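Trainee: One predicted model, sequence on top.
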Amino acid sequence: MENTLGLEIIEVVEQAAIASSKWMGKGEKDIADQVAVEAMRERMNKIYMRGRIVIGEGERDNAPMLYIGEEVGICTQPNAEALCNPDELVEIDIAVDPCEGTNLVAYGQPGSMAVLAISEKGGLFAAPDFYMKKLAAPPAAKGKVDINKSATENLKILSECLERSIEELVIVVMKRERHNDLIKEIREAGARVALISDGDVGAAISCGFAGTNIHALMGIGAAPEGVISAAAMRALGGHFQGQLIYDPAVVKTGLIGENREANIDRLKSMNINDPDKVYDAHELASGKTVLFAACGITSGNLMNGVRFFNGGARTQSLVISNQSKTARFVDTIHMFGEPKTLQLN
Ligand SMILES: O=C(COP(=O)(O)O)[C@@H](O)[C@H](O)[C@H](O)[C@H](O)COP(=O)(O)O
Ligand SMILES: [Mn+2]
Ligand SMILES: [Mn+2]
């Protein structure tokens, strides 16, 4: 699966990032999202693959593009056998977030990116559009920190694993009312909290790299983003655990259905019979092959955002593979027509 796809998916996230970045700072989050979706879909449909969206922009009724269940790639066409070789006809599952951090793009804030994860059929957990309690941490703390433990206990473990004092740790938490107690506990334990408004995929993956000055992500974000983060962390060898949150009273938004009981029923209808199960990265991204790709829309910890110059643009992407055990940063100059100069920096 990996050889050609690894290259093609760079262009998929690059095209989504370029399209979305044209709307950076314009206060139009829906447009920034929509153009990224369209660009991602268009580029994916030029790939010789048989893909199915397992995490996308919602159910078919609500989303015209990249909806869950949508088939993408040349080898999904009725005459695919004439067009594609046997390898390309193997079904693959794809999780996408064409614009992760739509608010960040709309308001010109750092940390937005176009992201996707790929695995063989069944290799990515088809998470419902619920929330997820998440714990991400560096490889050195993998399997040692535990989402079932308190933040205070996990900070002690992190401090030992990373051989630094708790005071030196930086924990990313989304700035939400639901996290007020968590933030207080982290601060009282002595660690520092970096609050983010959006973009917990980038925050989770940042834990996988030393030098980002992010040592853990704690708290509740969206479940689909949790699966995408888990795919990256699985391929990187970092720690990621997620637990579905289905109770609107915990999330403190009205965005996840009527009530707790109805949500449990919905989970059952999806064959999720233990709604409180804690999943680790290998369960959320269980495939033999896991590929992750991201391209910065606005600059963040991991990648520069899209920078336009006269006649072109420069992008920075990250492709992580559990097979080749690589985290590859890709720096690309895109030529629109015939630029007079190619901007290096
Ligand atoms: O920031 C996020 C928004 O993603 P997108 O809609 O693709 O721009 C994600 O990183 C978060 O995981 C998540 O969606 C957020 O935590 C939702 O929480 P809330 O704003 O409280 O509903
Ligand atoms: Mn998102
Ligand atoms: Mn999005």
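Mentor: Yep, it's here. All values reported here derive from a predicted model rather than from experimental measurement. Ligands and ions are numbered 1, 2, ... in the order given.

Trainee: in its sheet, what does the helix or strand residue 279 falls within sit against?
Mentor: For residue 279, the host element (DSSP states H and E) is strand 278-280. Here strand 278-280 is paired, per DSSP bridges, with strand 239-245 (antiparallel).

Trainee: by contact count, what packs against the following helix or strand past the strand it pairs with?
Mentor: For strand 239-245, the following helix or strand on the C-terminal side (DSSP H and E) is helix 248-251. Based on contacts counted as 3 or more Cβ pairs under 8 Å, 6 or more residues apart in numbering; DSSP states H and E, the elements that helix 248-251 packs against are helix 260-269. Where C-beta positions appear, they are placed from N, C-alpha and C, glycine not excepted.

Trainee: Just give the closest residue to the residue of the stretch 201-345 of the chain found nearest ligand 2, not the sequence neighbours.
Mentor: Nearest residue of the stretch 201-345 of the chain to ligand 2 (Cβ to the ion) works out as residue 225 at 4.9 Å. Excluding the flanking residues, the one nearest residue 225 by Cβ to Cβ, 6 or more residues apart in numbering is residue 201, at 5.0 Å.

Trainee: hang on, the earlier thing: can you point out the buried residues in the strand holding residue 279?
Mentor: Neighbour-count burial for strand 278-280 flags 279-280 (criterion: 16 or more other Cβ atoms under 10 Å).

Trainee: Any chance you could list what contacts it?
Mentor: 125, 147-148, 230, 240-243 (Cβ atoms under 8 Å, 6 or more residues apart in numbering).

Trainee: and if we set it to 6 Å?
Mentor: If you take Cβ atoms under 6 Å, 6 or more residues apart in numbering as the criterion, strand 278-280 is touched by 147, 241-243.

Trainee: residues touching residue 198, list them.
Mentor: For residue 198, the contacting residues are 101, 103-104, by Cβ under 6 Å, 6+ apart.

Trainee: A strand includes it, no?
Mentor: No. The assignment for residue 198, made by DSSP: H, G, I helix; E, B strand; the rest coil, is coil rather than a strand.

Trainee: Name the residues of this structure found near ligand 2, please.
Mentor: 97, 100, 225 (Cβ under 5 Å from the ion).

Trainee: so the nearest residue to residue 39 once chain neighbours are set aside, which of the three states?
Mentor: Nearest residue to residue 39 in three dimensions, chain neighbours excluded: residue 19, at 3.8 Å (Cβ to Cβ, 6+ apart). Secondary structure assignment for residue 19 (three-state DSSP): helix.

Trainee: so residue 19 sits right up against residue 34, yeah?
Mentor: No. Counting by Cβ atoms under 6 Å, residue 19 stays clear of residue 34, with 9.1 Å between them.

Trainee: okay, the two: which has more neighbours?
Mentor: Taking other Cβ atoms under 10 Å, residue 19 and residue 34 do not tie; residue 19 has more neighbours (25 against 21).

Trainee: Name the residues of the stretch 151-300 of the chain found near ligand 1, please.
Mentor: 174, 176, 198-201, 221-222, 225, 253, 255 (Cβ under 6 Å from any ligand atom).

Trainee: 5 Å instead?
Mentor: Within the stretch 151-300 of the chain, the positions near ligand 1 by Cβ under 5 Å from any ligand atom are 198-200, 221-222, 225, 253.

Trainee: Go through these and say which is closest to residue 266.
Mentor: residue 222 (15.8 Å; Cβ to Cβ).

Trainee: Check that closest one and give its pLDDT.
Mentor: Per-residue pLDDT puts residue 222 at 94.

Trainee: Report how many residues lie close to it.
Mentor: When neighbours are counted by other Cβ under 10 Å, residue 222 comes out with 23.

Trainee: what bridges to it?
Mentor: residue 131.

Trainee: What's the PyMOL line that selects buried ones from the residues of the stretch 151-300 of the chain next to ligand 1?
Mentor: Command for PyMOL, covering only those of these found buried under the criterion 16+ other Cβ under 10 Å:
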select buried, resi 198+199+200+221+222+225
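
Trainee: Farthest-apart pair in the residues of the stretch 151-300 of the chain next to ligand 1, please.
Mentor: Spatial extent of these (Cβ to Cβ) is set by the pair 199 and 253 at 17.1 Å.

Trainee: Tell me the spacing between the closest residue in space to residue 278 that isn't next to it in sequence and residue 68.
Mentor: Distances taken as Cβ to Cβ, 6+ apart put residue 243 closest to residue 278, at 4.8 Å, once the chain neighbours are dropped. Residue 243 is 21 Å from residue 68, where distance means Cβ to Cβ, to the nearest Å.
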